[in-house]
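J.: sequence unknown, structure follows:
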């Protein structure tokens, strides 16, 4: 296995989520109806871990400029229209299928995401990023499945992530997703903290920040909070990046240490240069910790105003997140404006989200 150092431009840091930003795309249990899949472990993860972050081949996808740009800007309806036209002319265009998978994934449309990613993999089975996105799509579908179907899907999640890593050992997004799976999944479906630690040891020489984060997640899952905190701090020391600080902030928030979460978020914002999905993560941590709502609002607005928006934290979802902040402080008019903007970008998703919330 040949790996490039962590600074290598071919690598990209984790989901998902995610997120939110989760880019993200981990299984907690397949033997109960409420399966928890990649990026949705027992402790909530910030945006990039839940939603998809931008994997290593995205510069190539940018050659499909109009559809790719529409997706990154949250214009999922426009992206779907452009990609459907491409596929009508070129049905075996694996890149278009992957992007259409991501359009569906961004809107929580699991079945459509699985269908399109399966087509992408069928058309180009040696592409690591197609396999990664297929694993994420299976994970989203498993969250909504019953225990038997979820069990089968969990195996597919693990197999897709492992295949993505086999095809490109430098795909840090895939390494992170596979590691998250190992941390949260029971051994019966291929998980286990022993596998997470082994993966961390394997990637430590090349991707130390990702390795320290994985060790932190493994320790946290085993309730070894002192080791988890130490490993998150080592990831910060190695990388000095905003998302490493936000991981630490999320850890503090998970364990009721709100003041320390706020301090870590502020450090993350100070380290921020790109105004990317890490800002959405930061806002989520602040909101969950009931700290600094004005700062959370600023994070979301800075992200929306940046040139670094992506399907790691879909723009329409961030507008909805901002609307909830504005509602909480009594700015009803501002909240409605954000909802209108989200609706213009993703009408079906926004209507569905508002229906679920009863608004």
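T.: Alright, I've got the coordinates. Predicted model only: the values in this text are computed from it and were never measured.

J.: phi, psi of the nearest residue to residue 268 once chain neighbours are set aside?
T.: In space, and not counting its chain neighbours, residue 268 is closest to residue 245: 3.2 Å by CB to CB, 6 or more residues apart in numbering. C-beta coordinates here come from the backbone N, C-alpha and C atoms, glycine included. Phi and psi for residue 245, reported as degrees, to the nearest 10, are phi -60, psi -40.

J.: contacting residues for residue 245?
T.: 236, 264, 265, 267, 268, 271 (CB atoms under 8 Å, 6 or more residues apart in numbering).

J.: hmm, try it at 6 Å
T.: 236, 264, 267, 268, 271 (CB atoms under 6 Å, 6 or more residues apart in numbering).

J.: excluding its backbone neighbours, what's nearest residue 243?
T.: residue 278 (4.4 Å).

J.: and the one you found, how far from residue 156?
T.: 30 Å (CB to CB, to the nearest Å).

J.: which one's more surrounded, those two?
T.: More neighbours surround residue 278 than the other of residue 278 and residue 156, with 32 against 19 (other CB atoms under 10 Å).

J.: give me the mean pLDDT for stretch 93-109.
T.: Averaging pLDDT along stretch 93-109 gives 97.

J.: and for that stretch, what's in contact with it?
T.: Contacts for stretch 93-109 (CB under 6 Å, 6+ apart): 61, 67, 76, 79-80, 83, 86-87, 112-113, 116-117, 119-120, 123-124, 130, 133, 137, 311, 314, 349.

J.: so which of those belong to helices?
T.: If you go by DSSP state H, these have 61, 67, 76, 79-80, 83, 86-87, 112-113, 116-117, 119-120, 123, 130, 133, 137, 349 in helices.

J.: what helix or strand is residue 294 on?
T.: Using DSSP states H and E, residue 294 maps to helix 293-305.

J.: ok, residue 282 - how many residues close by?
T.: 33.

J.: flag every buried residue along the helix or strand where it lies.
T.: Taking DSSP H and E as the definition, one finds residue 282 inside helix 278-289. Using 16 or more other CB atoms under 10 Å as the test for burial, helix 278-289 gives 278, 279, 280, 281, 282, 283, 284, 285, 286, 287, 288, 289.

J.: how distant is it from the center of its chain?
T.: The chain centroid and the centroid of helix 278-289 are separated by 14 Å under CA atoms, centre = their mean, to the nearest Å.

J.: number the chain from 251, please
T.: Got it, the first residue is 251 from now on, which makes the last one we talked about helix 528-539.

J.: and whichever helix or strand residue 518 is part of, how far out from the chain's middle?
T.: Residue 518 is located in helix 508-521, with elements delineated by DSSP H and E. Helix 508-521 has its C-alpha centroid displaced from the chain centroid by 20 Å (CA atoms, centre = their mean).

J.: other residues contacting that helix?
T.: In contact with helix 508-521 (CB under 6 Å, 6+ apart) are residues 492, 495, 496, 498, 499, 502, 503, 532, 535, 536, 539, 541.

J.: now the residues you listed in a markdown table, with pLDDT and distance to residue 588?
T.: As requested, the contacts of helix 508-521 are exported to a markdown table (pLDDT from 0 to 100; distance: CB to CB, whole Å):
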| residue | pLDDT | distance to residue 588 |
| --- | --- | --- |
| 492 | 95 | 24 |
| 495 | 97 | 26 |
| 496 | 97 | 22 |
| 498 | 98 | 29 |
| 499 | 98 | 24 |
| 502 | 98 | 28 |
| 503 | 97 | 24 |
| 532 | 97 | 18 |
| 535 | 97 | 20 |
| 536 | 97 | 17 |
| 539 | 95 | 22 |
| 541 | 96 | 21 |
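
J.: worst-scoring helix or strand of this protein, pLDDT-wise?
T.: Sorting the helices and strands of the chain by mean pLDDT, DSSP states H and E puts helix 297-300 at the bottom, at a mean of 36.

J.: tell me what the helix holding residue 544 is packed against?
T.: helix 528-539, helix 565-578 (3 or more CB pairs under 6 Å, 6 or more residues apart in numbering; DSSP states H and E).

J.: quick one: pLDDT of the residue at the greatest distance from the centre of the chain?
T.: The centre of the chain is farthest from one residue, residue 339, which by CA atoms, centre = their mean lies 31.2 Å away. At residue 339 the predicted local confidence, pLDDT, stands at 96.

J.: how close does it get to residue 332?
T.: On the measure of CB to CB, residue 339 and residue 332 end up 11 Å apart.

J.: how about residue 466?
T.: 40 Å.

J.: more neighbours: those two, which one.
T.: Between residue 466 and residue 332, residue 466 has the larger neighbour count (other CB under 10 Å), namely 26 against 23.

J.: relative to residue 528, how far out is the closest residue to that one other than its chain neighbours?
T.: The shortest distance from residue 466 to any non-neighbouring residue, by CB to CB, 6+ apart, is to residue 481 (3.5 Å). Computed as CB to CB, the residue 481 to residue 528 distance reads 19 Å.

J.: what do you get for residue 450?
T.: In this view, residue 450 and residue 528 are 22 Å apart by CB to CB.

J.: next one: residue 365
T.: Distance from residue 365 to residue 528, by CB to CB: 31 Å.

J.: again, but for residue 579
T.: 23 Å.

J.: element containing residue 433, please.
T.: Assigned by DSSP H and E, residue 433 falls in helix 422-434.

J.: pLDDT (mean, whole number) over that helix?
T.: Mean predicted lDDT for helix 422-434 stands at 96.

J.: same thing with stretch 479-490?
T.: 96.

J.: what of stretch 509-525?
T.: 95.

J.: show me what counts as buried in that stretch.
T.: Under the neighbour-count criterion of 16+ other CB under 10 Å, stretch 509-525 has 510-519, 521-522, 525 buried.
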